[in-house]
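>>> kindly generate the corresponding structure for this input.
(one chain, ligands or ions: 2)
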Amino acid sequence: MKLKTRNLLTLAELTPKEFSYLIDCSISLKKDHRRGADKPLLKNKTLAMIFQKPSTRTRVSFEVGMYQLGGHAVNLSSSEMQLSRGETAEDTARTLSRYSDCIMARVYEHEMIERLARGADVPVINGLSDAFHPCQILADFMTIKEKKKRLKGLKIAWIGDGNNVCNSMIHGAALAGADMYVATPRGFGPDKKVVREAQKSTLVDLVTVSAAAKDADVIVTDTHSSIHNRDRARIKKFTKYRVDSALMRTAKNGAIFMHCLPAKRNREVTPSVIDGPQSVVWDEAENRLHTQKALLVALIKNS
Ligand code: CP
Ligand code: NVA
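Ligands and ions are numbered 1, 2, ... in the order given. Below is the predicted model:
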């Protein structure tokens, strides 16, 4: 399928059909990989990866994904690039486009990824900005589909900070037709524009922790303090937003627990939940690999 978008800066750039297509391709690439039958779909293609911030999953899954597809990835820390000495994002992207077939960047300000996309002649993928984390949510919905066999009509509860991952999850819920219940402390809600837009196609409700978790199919949380948050005192406002076993018991039987990782145990989630039988966090982390492979193939083949 030819995607309408050249880049993936946010999931709002995808149509529901494209979102579902990428998830199905990811499931099929995972099967190929499991039976040792990876196809060299990106033979001789190169991905340039720029990191302004630390990463474990994003960095390794993109690099290994390119390798499994017969291509190659170049890892670039922005502090070692001329970017750190004032070269513009646009000039950087224009240069990298002459050497590589795709650029993935993890940035502080979302505007930075938009500027890279403006300068690039190749597709640009957002590997996390202060506002969105689209690659994570592709993996999350793939994981939900694997576990629940469907997406439409599921109740997803987000508990904690209405951050970049939450904003992208709301985009994902709108694309999948899932119901999204978000519980955050006052002043820490998701982006209002994202919520308004998503409400045009699905149910998005800002509620209390107990209302969000009750009868949920999926309970999701994330750190209470993202890499871009400078104010460490904020975490005091989140003490009631911890996912524990008592909260999990109010969800549906067979509900799953998700977290994009890295996690702080006993802060946003107790060990009994994240290390317990309902947790799918390791499948979720693995699925970053498969969904990003599907995304890379779709974007690079299209360009
Ligand atoms: N979930 C996620 O993006 O992890 P990393 O920060 O390790 O890349
Ligand atoms: N919300 C977190 C996600 C890390 C993968 C952050 O931005 O640090």
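>>> what about stretch 135-148, near ligand 2?
No - using CB under 6 Å from any ligand atom, stretch 135-148 never reaches ligand 2; the gap is at least 6.6 Å. C-beta: built from backbone N, CA, C; applies to glycine.
>>> only C-alpha atoms, please: export that stretch in CSV.
C-alpha atoms of stretch 135-148 as CSV (Å, rounded to 0.1, in the frame of the first residue of the first chain):
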residue,chain,number,x,y,z
CYS,A,135,6.6,4.6,16.6
GLN,A,136,5.7,3.5,20.2
ILE,A,137,2.0,3.6,19.5
LEU,A,138,2.3,1.5,16.3
ALA,A,139,4.0,-1.1,18.5
ASP,A,140,1.4,-0.7,21.2
PHE,A,141,-1.6,-1.3,18.9
MET,A,142,0.2,-4.2,17.3
THR,A,143,0.6,-5.7,20.8
ILE,A,144,-3.0,-5.0,21.7
LYS,A,145,-4.2,-6.7,18.4
GLU,A,146,-2.0,-9.7,19.2
LYS,A,147,-3.4,-10.1,22.7
LYS,A,148,-7.1,-9.0,22.1
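>>> quick one: average pLDDT of that stretch?
Across stretch 135-148, the average pLDDT comes to 99.
>>> contact partners of that stretch?
Identification of contacts with stretch 135-148 by CB atoms under 8 Å, 6 or more residues apart in numbering yields 8, 11, 19, 22-23, 26-27, 58, 125-128, 151, 154, 156, 165, 168-169, 171-172, 175-176, 178, 217-218, 220, 256, 258, 260, 280, 283-285, 287-288, 290-292, 294-295.
>>> just the buried subset of those, please.
Among these, the ones that count as buried by 16 or more other CB atoms under 10 Å are 8, 11, 19, 22-23, 26-27, 58, 125-128, 151, 154, 156, 165, 168-169, 171-172, 175-176, 178, 217-218, 220, 256, 258, 260, 280, 284-285, 287-288, 290-292, 294-295.
>>> check the nearest residue to Gly70 once chain neighbours are set aside and give its pLDDT.
Closest residue to Gly70 apart from its sequence neighbours, by CB to CB, 6 or more residues apart in numbering: Pro40 at 3.0 Å. As predicted, Pro40 sits at a pLDDT of 97.
>>> shouldn't Pro40 be in contact with Leu69?
Yes - between Pro40 and Leu69 a contact is recorded at 6.5 Å, counting by CB atoms under 8 Å.
>>> in helices, which of the buried ones among the contacts of stretch 135-148 fall?
In this view, the buried ones among the contacts of stretch 135-148 that belong to helices under DSSP state H are 19, 22-23, 26-27, 58, 165, 168-169, 171-172, 175-176, 284-285, 287-288, 290-292, 294-295.
>>> so which of those also contact ligand 1?
With CB under 6 Å from any ligand atom as the criterion, those include Thr58 near ligand 1.
>>> who's in contact with the closest residue to ligand 1 within the stretch 151-300 of the chain?
Of all residues in the stretch 151-300 of the chain, Cys260 sits closest to ligand 1, at 3.9 Å by CB to the nearest ligand atom. Counting by CB under 8 Å, 6+ apart, Cys260 makes contact with Arg57, His133, Gln136, Asp140, Val165, Asp222, Glu284.
>>> flag every residue of the stretch 201-303 of the chain that's near ligand 2.
Proximity of the stretch 201-303 of the chain to ligand 2, by CB under 6 Å from any ligand atom, involves residues Asp222, Thr223, Ser226, Ile227, Cys260.
>>> host element of the residue nearest to the last one when sequence neighbours are not counted?
In this case it means Cys260. Closest residue to Cys260 apart from its sequence neighbours, by CB to CB, 6+ apart: Gln136 at 4.8 Å. According to DSSP states H and E, Gln136 maps onto helix 134-148.
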